[in-house]
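Asker: Have a look; sequence and predicted model below, questions after that.
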Amino acid sequence: MSKGKILVTGGTGYIGSHTVVDLIENGFEVVSADNYHNSKASVLDGIEAITGVRVVNHNIDLADQAATEKLFASHKFDGAIHFAAYKAVGESVDKPLEYFRNNLNSLINVIDGLRKQGNSNLVFSSSCSVYGNADELPVTEHTPRKDAESPYARTKQVGEDILYDFCAKHKDFSAILLRYFNPAGAHPSGKIGEDASNAASNLVPVITEVGAGKREKMTVFGDDYDTRDGSCVRDYIHVSDLAHAHTLALEYLIGGKASENPALFNLGIGEGLTVLEVIEAFEKVSGRKLNYEIGPRRPGDVIAVFADRSKATNELGWQPKYGVEEIMRTAWNWEEKR
Ligand code: WQD
């Protein structure tokens, strides 16, 4: 018997598709809503190849209130995970209005749809970018949010605030805010991975594309920071580990275990790695030398950020299984198959 019917918005996207797989493997029924803005319908084949289940995707724009209402009229959900959003930091600087319109309207429409159904369980995708340039490392859930470094990050801050205000008024509505650090890697089966229609700009896909010869070389953005080797430090978390945290979060919500509302969790592995260490891990697992050069710092980059994940481990029972070598091995396997 199904543990419940879950709406996954952005279900064909990178983190969404891995979460769909994890939910199905853990006994949930999934309905996806995704307009393929930055994903492809073929992801549904990959999900089916792994799970044996053909997931239904509703190709709708969740920022469109009427379309979203129609979706909620056609299904009765037991909970929702809201991934669907624009996520390119650089693009958000150029198109702030588009980012606010899309990321906030869709969140409001999903909250409204759930509430009108009398459903009260929502997991929201937030980001470590809400911390801005944090004063203390690792960051805990108590580390104050600072000024957002981009409109993208601000949409996540405002999204969190909307849920704080909404839950304060509607005590029977429960939400979880998950702050992701740097998701990377691909499903170990090699059947799904990051398949964005937009050009990759994140470190790991850039590395694998250079490794595969799809790009001639890459630039390490700065080697004069105050870090172990001068390059920036991030917390890279395997996408399947991240996906599983969503299943645990939903079970926690549905089980009524949350001690605060919204409940807030950092999802990182809890270790910082430099850009050069990630490149080294790629060279080790692929046996290839990566063609890279050291370039200037990238505007907007924070120097170092990594998570204290003890809250997610203690309260959700979340234990990430994969380290950087598995991240690079699965990302490389995916790149070679694409
Ligand atoms: C990682 C490191 C770069 C590319 C962003 C969002 C965050 C999250 C993940 C998403 C940095 C360096 C990168 C390259 C490089 N959310 N780099 N050469 O900026 O930490 O985080 O994505 O939806 O909210 O802010 O990730 O992968 O772009 O960069 O040297 O060609 O790799 O400078 O230090 P970032 P990233």
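Answerer: Ah, there it is.

Asker: And the strands in the stretch 51-200 of the chain?
Answerer: All strands of the stretch 51-200 of the chain, identified by DSSP state E, counting those that start in this stretch, fall at 56-58, 79-82, 121-127, 174-180, 182-184.

Asker: Work out the gap between the second one and the centre of the chain.
Answerer: So the one you mean is strand 79-82. Distance, stretch centre to chain centre, for strand 79-82: 13 Å (Cα atoms, centre = their mean, to the nearest Å).

Asker: just stretch 298-317 next, same as before
Answerer: Centroid displacement of stretch 298-317 relative to its chain, using Cα atoms, centre = their mean, is 13 Å.

Asker: mind starting the numbering at 13 from now?
Answerer: Let's use 13 as the start, then, which means that last one is stretch 310-329.

Asker: mind listing what's buried in stretch 170-188?
Answerer: Neighbour counts over stretch 170-188 (16 or more other Cβ atoms under 10 Å) mark 170-172, 174-175, 178-179, 185-188 as buried. Bear in mind the C-beta positions are built from the backbone N, C-alpha and C, glycine included.

Asker: Stretch 24-43 too?
Answerer: Using 16+ other Cβ under 10 Å as the test for burial, stretch 24-43 gives 24-36, 40-43.

Asker: Same question for stretch 271-282.
Answerer: 273-282.

Asker: Under the pLDDT cut-off, which ranges of the stretch 13-162 of the chain? List them.
Answerer: Nowhere does the stretch 13-162 of the chain drop to pLDDT under 70.

Asker: can you list the residues of it near the ligand?
Answerer: Residues of the stretch 13-162 of the chain lying close to the ligand (Cβ under 6 Å from any ligand atom) are 99, 101, 139-141.

Asker: Redo those residues as JSON lines? Include neighbour count.
Answerer: Listed next are those as JSON lines, based on neighbours: other Cβ atoms under 10 Å:
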{"residue": "K99", "neighbour count": "24"}
{"residue": "V101", "neighbour count": "20"}
{"residue": "S139", "neighbour count": "25"}
{"residue": "C140", "neighbour count": "25"}
{"residue": "S141", "neighbour count": "24"}
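
Asker: on that earlier part again, just checking, which of the buried residues of stretch 271-282 belong to strands?
Answerer: Taking DSSP state E as the definition of strands, those contribute 275-279.

Asker: just to revisit the earlier point, between all of the residues of the stretch 13-162 of the chain next to the ligand, which two are separated the most?
Answerer: Taking Cβ to Cβ, the two most distant members of those are K99 and C140; they sit 12.8 Å apart.
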